[in-house]
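[1] I would like the atomic coordinates for the input below:
(one chain, ligands or ions: 1)
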Amino acid sequence: MPPPPEAAPRQPLAVAVVHGPNLNLLGVREPHVYGTKTLADVNRAIEGEAAAIGVGVECFQSNSEGSILDYLADARDRVDGVLINPAGLGHTSVALLDGLLGTSKPFVEVHLSNPASRESFRQRSMIASAATGVVAGFGVDSYLSGLRCLCNFLVRQRGVAE
Ligand code: DQA
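    Model prediction:
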């Protein structure tokens, strides 16, 4: 009898990491709230975590809502999920919610600070109800935990689909 065919190796997971408006100023912008790490530091930490888990990440930041929407539409065929710090857009943007839904991919919302403990206008999220989960208040660790949780979720989802 011929040996059973080997299962095709699975592609490693790929995650798009999106940073919203003003996060390019990390390190100098209200460091008492957002910490002293720069966006480059945050991206390095995310890439290190991704390497440790064995997933691919691509990091993107823009101050322009339209560029973020274009990026999401472009990334939908390349990635399995999205990790997003929507920054101020999370509190206001139906278009961002629609853009995330348009990817048809699970997403996790993260914040460096804990918006729930801040001004009332930060306590509304336009995207949280559609998110797989939300991690907030842990500084850079919000991204790292969010990435791990998203990847665990995607692995379980793959298992169910097989
Ligand atoms: C933030 C919280 C938002 O309220 C704020 O507009 C930001 C950053 C955070 O990471 O804590 O720009 O998303």
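[2] middle-most residue in this protein, spatially?
    With distances taken as CA atoms, centre = their mean, L83 lies nearest the centre of the chain, 0.9 Å away.
[3] which neighbouring elements make contact with the longest helix along the chain?
    Using DSSP state H to define each element, the chain has its longest helix at helix 140-161. Where contact means 3 or more CB pairs under 8 Å, 6 or more residues apart in numbering; DSSP states H and E, helix 140-161 is packed against strand 14-19, helix 39-53, strand 81-85, strand 107-111, strand 133-136. No exception for glycine: its C-beta is placed from N, CA and C like everyone else's.
[4] shaky segments in this structure?
    Along the chain, the model assigns pLDDT under 70 to residues 1-9, 162.
[5] which bits of it sit near the ligand?
    Taking CB under 6 Å from any ligand atom as the measure of proximity, the chain contacts the ligand at 22, 85, 87-88, 111-113, 115, 122.
[6] take the residues you listed and lay them out in CSV including neighbour count.
    Converted to CSV, these look like this (neighbours: other CB atoms under 10 Å):
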residue, neighbour count
N22, 15
N85, 24
A87, 19
G88, 15
H111, 25
L112, 22
S113, 17
P115, 20
R122, 16
